[in-house]
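[1] sequence unknown, structure follows:
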Ligand code: GNR
Ligand code: NI
């Protein structure tokens, strides 16, 4: 297992659209392991492959309080169950230190493949629903800061660019 580097906004590689996984083979299972280690190490409750510069439709997540219930979603597909939306505070490992209120569908159905390539389906609400919508956005090259005002987004961009300069 390995802790991978997490790309940070405004890195243009976060804008890539991830490709569907055709076969869940050993290399995908290694990626899943490395992503879980990276997520737990961060720590975070979710991670999309895009964030570690792998442009495949793989997401890992763990919203359990003890961080001992890993979930894997390969080729996730979201269908809203109702039109109802709700706002909650989001953060992102690729936008470290910034938190904003974001509107999402309240209840969604997710269909995906598990780590063994088995299809499954799940109805989600609350944090799980928010997190899956956030992760599928990553796979499509979208970040939560795309939903806020361009003024706020520019401010966040400038602060992170300054931090990145100071790290080098
Ligand atoms: O760790 C994370 N916490 C979080 C909190 C509210 C809404 C979404 C998230 S996902 C985030 C990890 C991350 O950046 N995943 O892409
Ligand atoms: Ni994120």
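    Done, it's in. Quick caveat: nothing in here was measured; it's all calculated off a predicted structure. Ligands and ions are numbered 1, 2, ... in the order given.
[2] can you pull the buried residues of stretch 16-35?
    Within stretch 16-35, the residues that count as buried by 16 or more other Cβ atoms under 10 Å are 16, 18, 21, 24, 28, 31-32, 34-35. Backbone N, C-alpha and C define where each C-beta goes, glycine included.
[3] Show me which of these is closest to ligand 1.
    Nearest to ligand 1, judged by Cβ to the nearest ligand atom, of those is residue 35 at 10.5 Å.
[4] ok, residue 110 - contacts?
    Applying Cβ atoms under 8 Å, 6 or more residues apart in numbering to residue 110 gives the contacts 73, 76-79, 121-122, 124, 132.
[5] try it again with 7 Å
    By Cβ atoms under 7 Å, 6 or more residues apart in numbering, the residues touching residue 110 are 73, 76, 78, 121-122, 124, 132.
[6] In space, what's closest to it - neighbours in sequence excluded?
    residue 122 (5.0 Å; Cβ to Cβ, 6 or more residues apart in numbering).
[7] tell me the secondary structure for the one you found?
    strand (DSSP: H, G, I helix; E, B strand; the rest coil).
[8] For the protein, which residues are neighbours of ligand 1?
    44-48, 51, 90-94, 130-131, 134-135, 138 (Cβ under 6 Å from any ligand atom).
[9] Let's see that with 5 Å instead.
    Contact residues (Cβ under 5 Å from any ligand atom) of the chain with ligand 1: 44-46, 90-93, 134.
[10] Retrieve the pLDDT associated with the residue found closest to residue 69 once you drop the neighbours it is linked to in the chain.
    Once flanking residues are discounted, residue 69 sits nearest to residue 62: 5.7 Å by Cβ to Cβ, 6+ apart. Looking at residue 62, its pLDDT is 98.
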